[in-house]
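# Structure of the sequence below:
(one chain, ligands or ions: 1)
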Amino acid sequence: MTISIWRYSHLALAVSSFLLLTLLSITGIILAFEPISQKTQPFGVNGFSQITLAKSLPALRKAYPDISELTVDANQFVKIKATDTNGKNLDAFVDPLSGKVLGTTPKENDLFETVRSLHRSLFLHEVGRAIIGVTAFLLMLITTSGIALIIQRQRGIRHFFKRIVRDSFAQYYHVVLGRLSLIPILIIAISGTYLSLARFDIFDIKKNSIKVDFDNIKSTPVRKATEISVFKNTKLSEVESVEFPFSEDVEDYYTIKLKDREIAVNQITGDILSEVVYPKAVVYSNLSLDLHTGRTSIVWALVLAVAAANILFFIYSGFAITLKRRANRVDNKFKANESNVIILIGSENGSTYRFAKAVHQQLLKQGQRSFITELNNYTIFPKAEHLIIITATYGLGNAPTNAAKFFNLLKKYPQGQNINYSVLGFGSHAYPDFCQFAFEINNFLSQQTWAKPLIDVHTVNDRSPQEFELWAEAWSQQSGLIIEASADLKMPQKHKLKSFTVSSNTATGTEDGAFSVRLKTKRLQKVTSGDLLAIYPANDNRERLYSIGVIDNEIQLSVRLHEHGLGSGFLHRLTVGQKMQARIVYNKHFHFPAKSPEVVMISNGTGIAPFLGMINQNKANVPCHLYCGFRHSHSVDNYKAVLNQGKAAGKLQHLRVALSREGNKQYVSDLIARDPDFMVNVLSTKGTIMICGSLAMQRDVMDVLEGICKTKTGKGISYYQSHNQILTDCY
Ligand SMILES: Cc1cc2nc3c(=O)[nH]c(=O)nc-3n(C[C@H](O)[C@H](O)[C@H](O)COP(=O)(O)O)c2cc1C
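The predicted structure is shown next:
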């Protein structure tokens, strides 16, 4: 499957370094506990950060007249070298204000020593250090590409910390934890890389030595150490070490090493005799060591341990995601140029493949030459009769990466023969642009002369097997090829049928053969207009679906009698009082919109069925406008009673009828074209347009709406489709 450059880099870098990263993360977690264990030793003093040299140096000199050196380590423990009162050499941690001995340097912990050596050089000295340096650099690149992927996924940096929609466990936590720990991991990677480079003398870290001008050294005015301003202004926490003057002669001075400089201080006058500022590289090296080891803070050391543990999780979850994606590879039995059914997939994370493969397998079993590939592999399919496009939507209603080139390829490769197409969108209502890419493909295909719609575009929310099944049933019905509910997709194999009693059946008096059947059943509460009734006219697996209008607590089907029609013939023969078995298929995407301020209903022929029910059920009197097309004026007679009732009760505001074979011979799309401002107003005030009827009518109406929307709002209809403002149920 085609993947973005960022994802490819992220994966390639991770694959090339995961073994070393695993080792470095484990050793890193262990080493993070070294500063924690050191800091718990009893060598610290309270209020350390407030102690100045002016307070500490005279006190220590008084307690140890022979003191030669003071050092402050990363734990802020003060250590001195001196001679004690018994004349013995002293090398110990002391209280910097009283000189009280707090302890001597403990023996290095062997475990930490060994692990550190492994972490820094893999026990391979300079070669090992170089390898570790490269790994740290790779970690930096992995983190950077990871940040780019999160930005891409969250649709821009502004949404970086917005809610993440949960997909799979591995995917969700890879992103959630990635977001939380990317700063510490980036710091670990940058500081690790810097320290490695510093080891190889890439940076200038040579410190110049102090030069004192002994000819101009002064011995007045005499100042006490407690009054020397540089001592008063320097805190012990800023100091790395102090060398004490060897004797009381004016030529002997204090040498004070700070984090960024070294100074020589006259012990009598307190004058600064010389100052050497360190190169920036020395400061950065120290900072890198502080940040990489957590030696200065227990909290930071803990953050580093957690970040290192997260790297281990990323390695696991990254592989889990990749394996899931790779599991979707399909080996085709037939070549593209010899296949009669072509299944094209748009998928980012692979779950759509499961559904597409189920379709592919079933078609193969029925002896069809089915070929399955991703949308980016679209080309000329010389033997194709059916094109099935199953695609997810990503980002701002965009194509998944393996479908990004599809539109260009579609323009480049017009097919030479007519092909029946069907588009099935996978998406989630958690995103504002629901299945937009699928709608765009469907609209684009409808403009290709060779492409013939077999069924209306269908959508599947959150991989719902029921919604997938709805598409499978519709496709099977039109193609004559069976796609059954698959156990793999956890679909119910056998449907439970319900008994319905015929309460009325109108005669086929009209020329276009339309009639209405009303059915009663117990417990009708859950059914609503827009749902479908599945009937089994021959008591076998052949199923026929009809749109339901719920009128006065009965199901009304509007049907056109077809010559030799299996379903329409069966319904036509039903007599009042007769019982029949059927099942309700809930068709949520075509229910009357609960929150819409205004609804436009567009139909032709028997497509009026669900709208009759919706008008009847419109108890809240939401403004409804019905645009319907028929061949003759008498075709409307069948529905007049319900429509007149609706108008009288305020449930239907306007009724516009187009007659295609009488008067000025209009189609329903002509009526829509006459009311552009009204249509735009409905859509821009969050109203809904519902379309039910033939696919040919849908295509014409959509073309008109596309033109109106583009000129008046600048947005295509796919925008309104993906925001659930244009709902279609055509056949
Ligand atoms: C980052 C991300 C962005 C998504 N964006 C959309 C979207 O804009 N519209 C939509 O309907 N679904 C969106 N989805 C949902 C997916 O299309 C849906 O989960 C689909 O089933 C995933 O299929 P796949 O696993 O084959 O890629 C998004 C999912 C993710 C993870």
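# Looking at stretch 482-499 now, give me its mean pLDDT.
Taken as a whole, stretch 482-499 has an average pLDDT of 66.
# Run through the neighbouring helices and strands of the helix or strand containing Leu118.
Per DSSP states H and E, Leu118 falls inside helix 110-121. Contacts defined by 3 or more C-beta pairs under 8 Å, 6 or more residues apart in numbering; DSSP states H and E place helix 110-121 against helix 5-39, helix 125-153. C-beta here means a position set from N, CA and C on the backbone, and glycine is covered the same way.
# what's the closest of the ones you listed to Asn408?
helix 5-39 (18.1 Å; C-beta to C-beta).
# partners of the lowest-mean-pLDDT helix or strand in the chain, with directions?
Least confident element among the helices and strands of the chain, by mean pLDDT, DSSP states H and E: strand 544-547 (a mean of 88). Strand 544-547 has its sheet partners listed here by DSSP bridges as strand 532-535 (antiparallel).
# Return the distance of the partner strand from the chain's centre.
Remark: strand 532-535 is offset 37 Å from the chain centroid, using C-alpha atoms, centre = their mean, to the nearest Å.
# residue closest to the middle of the chain?
Taking C-alpha atoms, centre = their mean, the centroid of the chain lies closest to Arg153, which sits 4.5 Å from it.
# Am I right that it is in contact with His174?
No. Using C-beta atoms under 8 Å, Arg153 makes no contact with His174, being 10.5 Å away.
# one step back: so what touches the least confident helix or strand of the chain?
Residues outside strand 544-547 that contact it (C-beta atoms under 8 Å, 6 or more residues apart in numbering) are 473-474, 477, 530, 532-537, 557-559, 566-567, 570-571, 585, 606-607, 609-610, 692, 729.
# any idea how far it is from the chain center?
37 Å.
# Export only the CA atoms of that strand, formatted as CSV.
Presented in CSV, the C-alpha positions along strand 544-547 are these (Å, rounded to 0.1, in the frame of the first residue of the first chain):
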residue,chain,number,x,y,z
ARG,A,544,-36.1,-7.4,-2.5
LEU,A,545,-36.0,-4.1,-0.7
TYR,A,546,-38.7,-1.4,-0.6
SER,A,547,-38.7,2.0,1.0
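# Quick check: next helix or strand after it?
For strand 544-547, the succeeding helix or strand toward the C-terminus, using DSSP H and E, is strand 549-551.
# Which strands or helices does that next one pack on?
Against strand 549-551 (3+ C-beta pairs under 8 Å, 6+ apart) you get strand 554-560, helix 609-617.
# Of all those, which one comes closest to the ligand?
Counting by C-beta to the nearest ligand atom, the ligand lies closest to helix 609-617 out of the helices and strands packed on strand 549-551; the figure is 24.0 Å.
# just to revisit the earlier point, adding mean pLDDT, write the helices and strands packed on helix 110-121 out as CSV.
Formatted as CSV, the helices and strands packed on helix 110-121 follow (pLDDT from 0 to 100):
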stretch, mean pLDDT
helix 5-39, 92
helix 125-153, 92
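# can you tell me how far the closest residue to the ligand within the stretch 51-200 of the chain sits from Ala170?
Using C-beta to the nearest ligand atom, the closest approach of the stretch 51-200 of the chain to the ligand is made by Arg153 at 4.4 Å. Separation of Arg153 from Ala170 (C-beta to C-beta, to the nearest Å): 14 Å.
# One more: Val239?
As defined by C-beta to C-beta, Val239 lies at a distance of 49 Å from Ala170.
# same check, this time on Thr22
17 Å.
# out of these two, which sits in the busier spot?
Legend: neighbour count by other C-beta atoms under 10 Å for Thr22 and Ala170, higher for Ala170 (19 against 14).
# That one contacts Thr322, doesn't it?
No. Checked against C-beta under 8 Å, the pair Ala170 and Thr322 is beyond contact range at 9.6 Å.
# what mean pLDDT does the helix holding Leu118 have?
Mean predicted confidence for helix 110-121 is 94.
# Could you report the neighbour count for Gly146?
Neighbours around Gly146, by other C-beta under 10 Å: 25.
# same thing with Glu126?
Glu126 has 10 neighbours, counted by other C-beta under 10 Å.
# What residue in this protein comes nearest to the ligand?
Closest point on the chain to the ligand, by C-beta to the nearest ligand atom, is Gly427, at 2.3 Å.
# any idea how far Tyr431 is from Ser464?
To Ser464, Tyr431 is 15 Å away according to C-beta to C-beta.
# Compare these two (neighbour count), which wins?
Using other C-beta under 10 Å as the criterion, Tyr431 and Ser464 rank with Tyr431 on top: 17 against 13.
# follow-up on the earlier one: quick one: the residue nearest to the centre of the chain from His723, how far?
Distance of Arg153 to His723, given as C-beta to C-beta: 21 Å.
# Confirm that Arg325 sits in a strand.
No. Assessed with DSSP: H, G, I helix; E, B strand; the rest coil, Arg325 is helix; it does not lie in a strand.
# For the residue of the stretch 51-200 of the chain closest to the ligand, which non-adjacent residue is spatially closest?
Take Arg153 and drop its neighbours on the chain: the residue closest to it by C-beta to C-beta, 6 or more residues apart in numbering is Val175, 6.7 Å away.
# Any idea how many residues pack against that neighbour?
20.
# same thing with the one 5 residues further on?
Leu180: 14 surrounding residues under other C-beta under 10 Å.
# How about His632?
The number of residues near His632, taken as other C-beta under 10 Å, comes to 15.
# correct me, but it touches Gly663?
No. Here His632 does not reach Gly663: they are 9.9 Å apart, not a contact under C-beta under 8 Å.
# re the thing from before, burial count for the residue nearest to the residue of the chain closest to the ligand when sequence neighbours are not counted?
In this structure, Gly427 finds its nearest non-sequential neighbour in Cys435, 3.8 Å apart by C-beta to C-beta, 6+ apart. When counting by other C-beta under 10 Å, one arrives at 31 neighbours for Cys435.
# so who does Cys435 touch?
Going by C-beta under 8 Å, 6+ apart, Cys435 touches Thr393, Gly425, Phe426, Gly427, Thr459, Gln721, Ser722.
# If we use 7 Å, what do you get?
Contact analysis of Cys435 by C-beta atoms under 7 Å, 6 or more residues apart in numbering lists Thr393, Gly425, Gly427, Thr459, Ser722.
# Quick check: buried residues in the helix or strand harbouring Ala92?
In this assignment (DSSP H and E), Ala92 forms part of strand 89-94. Buried residues in strand 89-94, counted by 16 or more other C-beta atoms under 10 Å: Leu90, Ala92, Phe93, Val94.
# Next, Lys81: phi, psi?
Backbone torsions of Lys81, given as degrees, to the nearest 10, read phi -120, psi 130.
# How about Asp213?
Dihedral pair for Asp213: phi -90, psi 90, per degrees, to the nearest 10.
# do the same with the one 5 residues further on
As for Lys218, its main-chain torsions (degrees, to the nearest 10) stand at phi -110, psi 150.
# isn't Arg369 right next to Phe334, touching?
Yes. Contact criterion C-beta atoms under 7 Å: Arg369 and Phe334 qualify, at 4.4 Å.
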